[in-house]
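# got a predicted structure here, sequence first:
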Amino acid sequence: MARSFASARLRFSRGFTSRPILLLAFAFAVMADPVSSVAYAIEAALRALHGDLGLLLPTMVLVVAIIALIITNYHQLVARFPEGGGAAAAAGRAFGESWAFIPIGALVVDFVLTIAISAAAGASALIQFVPGLASARIPLAVVVLVAVAGLTWFGHFGRVIFALMTVAFVLAGIAVLVGGLQAHPAHLGTITHSGGHAAYVAVLLSFPVAMALATGVEAPSSAIAQLGQLDDAGRRRFGRITLWLTLGIVATLTVGLTATAVRLGIGVPGANSTQIGNLASVTSSHGVYVAFQITTALLLLAAASSSFQAGPGLLKALSRRMTSDGQGVGILPSWMGRTNRHHTPYWAVVLFLIVSAVVTTASGANEQVLVLYYAVSVFMSFFVALLAMARFSQQERLRGSLVMNGAGALVVAFTLAVDLSRGQPIAAVAASLLIALALYGQWARSGRPRGIAGVLSEAERWD
């Protein structure tokens, strides 16, 4: 999802003395989620197109264009909120603190789905490499979940290791693209020449499924709160550079791999393989193929790890506790905020593990089933954030910004509407709204304490 506001959650306030190194470490840490989505989003779009390979490239180009529009708006949001906070901070300031619960509820669902879909996709990558594991798909995915949750116990060390996987996947993806320049058409998988509708209708109905690529692009807007050693200008600069670097990497890999798949005829894969895995197998040597499958699996684990940090961190920030001056704050039970010596809120991690395991099992550990529900919740967060930015632009009479914010909100609303018309995503929206409503109820019963709009920023700074 989601597309989660902290893609690796490194503690950046110490350990780096060079700003360029700090920037690269921060950027590659928080982009694991959208980059990992490349592993299944292209195939998801092709399945929605009923195997019409000829429409795949325009569909993915449209997806990347929408992500660019969202990032353009978040470029403004980061400038307005250099202390972090993302959509919740924007909604709270624009419409009142109670509105912050909508993006908060949406992100909780996004974290759960990110964990589940990453574990399922990681299992698929391993199964393609070792087909004998196919009969144990669900247990394999659950073991992956437990392993990632276990690494979360050790706090920042596990996050550092997983952050490096983003770089490894990008390098492996580039190797596949280079190999594709010399590869010959293979015509693997199911390929059709009809998307079920007129071409433009098929693209418009299919692109929302691939918007899984957008989950996590909002991460820098909240994750900059980790950069405590920088001033507002520094955090603003790092956040903006990370947004555009994420777009550049995601766009290059997505469009490049899509174009290569179309040229080589890599269609809808069989039951125990993936489109991106098939693509790597026909464009690369055995060594590169093995490296690509391994880095794919590890990057997906990095995305799951980030949400295992972000989700529990959010619950910790919302839990009841006493401040240093003796004031009680928080709206959730205090046990959700209990931490070990590595500062990990372990009961909250267990809660996310249980819910994610249930979702993974219910889907048969199939990422192509889960992707039908994915991205919808985080688009709710986008919509509220862009409406807030439009309100700011209107109040300040910034006509150019208002047009851009309004256009972004309309595109996001259209994407949501098309997604919901497919039926299944209604479950994700309902879950997001129910969580938002439950949190609002707790907030009201707790006397409506102030500071809810800044909870995402606070979650990023937990020790």
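Great, that's in hand.

# contacts, neighbours, all on C-alpha from now
Fine.

# my guess is residue 365 meets residue 137, correct?
Yes: Residue 365 lies in contact with residue 137 (CA atoms under 8 Å); the separation is 6.5 Å.

# these two: which has the busier surroundings?
Per other CA atoms under 10 Å, whichever of residue 365 and residue 137 has more neighbours is residue 365, with 29 against 21.

# and residue 188, backbone torsions?
phi -100, psi 150 (degrees, to the nearest 10).

# please identify the buried residues of stretch 452-463?
Neighbour-count burial for stretch 452-463 flags 452, 453, 454, 455, 456, 457, 458, 459, 460, 461 (criterion: 16 or more other CA atoms under 10 Å).

# next one: stretch 133-142
Buried residues in stretch 133-142 (16+ other CA under 10 Å): 133, 134, 137, 138, 139, 140, 141, 142.

# what's the closest of those residues to residue 75?
Comparing those against residue 75 with CA to CA places residue 141 closest, at 35.9 Å.

# does the closest one belong to a helix or a strand, and which?
Assigned by DSSP states H and E, residue 141 belongs to helix 137-152.

# likewise for residue 165?
helix 156-180.

# tell me which residues are up against the next helix or strand after that helix.
Counting by DSSP H and E, the next helix or strand C-terminal to helix 156-180 is helix 199-206. For helix 199-206, contacts defined as CA atoms under 8 Å, 6 or more residues apart in numbering pick out 45, 48, 49, 55, 58, 59, 195, 196, 418, 419.

# hang on, the earlier thing: overlap in contacts of residue 365 and residue 137?
Joint contacts of residue 365 and residue 137 (CA under 8 Å, 6+ apart) are residue 123.

# just to revisit the earlier point, now the helix holding residue 141 - C-alpha only, CSV.
Only the C-alpha atoms of helix 137-152 are listed here, as CSV (Å, rounded to 0.1, in the frame of the first residue of the first chain):
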residue,chain,number,x,y,z
ARG,A,137,2.4,-22.0,-1.0
ILE,A,138,0.3,-21.0,2.0
PRO,A,139,2.7,-22.4,4.7
LEU,A,140,5.6,-20.9,2.8
ALA,A,141,4.0,-17.4,2.8
VAL,A,142,3.1,-17.7,6.5
VAL,A,143,6.7,-18.7,7.3
VAL,A,144,7.9,-15.7,5.4
LEU,A,145,5.5,-13.5,7.5
VAL,A,146,6.8,-14.9,10.7
ALA,A,147,10.4,-14.5,9.7
VAL,A,148,10.0,-10.9,8.7
ALA,A,149,8.0,-10.2,11.9
GLY,A,150,10.8,-11.9,13.8
LEU,A,151,13.4,-9.6,12.3
THR,A,152,11.3,-6.7,13.3
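
# residues making contact with that helix?
So helix 137-152 is contacted by 115-116, 119-120, 122-124, 127, 133, 158-159, 301, 304-305, 308-309, 344, 349-350, 353, 356-357, 360-361, 364-365 (CA under 8 Å, 6+ apart).

# now do 6 Å
Under the criterion CA atoms under 6 Å, 6 or more residues apart in numbering, residues 119, 120, 123, 158, 305, 365 lie in contact with helix 137-152.

# quick one: which of the residues you listed has the most company?
residue 119 (35 neighbours).

# where do the helices sit along the stretch 1-150 of the chain?
Taking DSSP state H, counting those that start in this stretch, the helices of the stretch 1-150 of the chain run over residues 19-30, 32-36, 38-48, 56-80, 86-95, 101-129, 137-152.

# those: which one's closest to residue 245?
helix 19-30 (7.6 Å).

# pull out the CA atoms of that closest one and give them to me as PDB.
Extracted in PDB, the C-alpha atoms of helix 19-30 (Å, rounded to 0.1, in the frame of the first residue of the first chain):
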ATOM      1  CA  ARG A  19      24.700  14.500   3.300                       C
ATOM      2  CA  PRO A  20      24.900  12.700   0.000                       C
ATOM      3  CA  ILE A  21      25.200   9.300   1.700                       C
ATOM      4  CA  LEU A  22      22.400  10.200   4.100                       C
ATOM      5  CA  LEU A  23      20.200  11.200   1.200                       C
ATOM      6  CA  LEU A  24      20.900   7.900  -0.700                       C
ATOM      7  CA  ALA A  25      20.300   5.900   2.400                       C
ATOM      8  CA  PHE A  26      17.100   7.700   3.200                       C
ATOM      9  CA  ALA A  27      15.800   7.500  -0.400                       C
ATOM     10  CA  PHE A  28      16.500   3.900  -1.000                       C
ATOM     11  CA  ALA A  29      15.100   3.000   2.400                       C
ATOM     12  CA  VAL A  30      11.700   4.600   1.800                       C
END
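
# other SSEs contacting that helix?
Using 3 or more CA pairs under 6 Å, 6 or more residues apart in numbering; DSSP states H and E as the contact test, no helix or strand touches helix 19-30.

# and it, how far out from the chain's middle?
Mean-position distance between helix 19-30 and its chain equals 18 Å (CA atoms, centre = their mean, to the nearest Å).

# flag every buried residue along it.
Of the residues in helix 19-30, those buried (16+ other CA under 10 Å) are 22, 23, 25, 26, 27, 28, 29, 30.

# tell me the average confidence for it?
The average pLDDT for helix 19-30 rounds to 83.

# now do the helices in the stretch 201-350 of the chain.
All helices of the stretch 201-350 of the chain, identified by DSSP H, counting those that start in this stretch, fall at 219-223, 232-264, 275-283, 286-318, 346-362.

# got those helices as JSON lines, with mean pLDDT and distance to residue 382 columns?
Listed next are the helices of the stretch 201-350 of the chain as JSON lines, based on pLDDT from 0 to 100; distance: least, CA to CA, whole Å:
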{"stretch": "helix 219-223", "mean pLDDT": "89", "distance to residue 382": "12"}
{"stretch": "helix 232-264", "mean pLDDT": "95", "distance to residue 382": "14"}
{"stretch": "helix 275-283", "mean pLDDT": "94", "distance to residue 382": "28"}
{"stretch": "helix 286-318", "mean pLDDT": "88", "distance to residue 382": "18"}
{"stretch": "helix 346-362", "mean pLDDT": "95", "distance to residue 382": "23"}
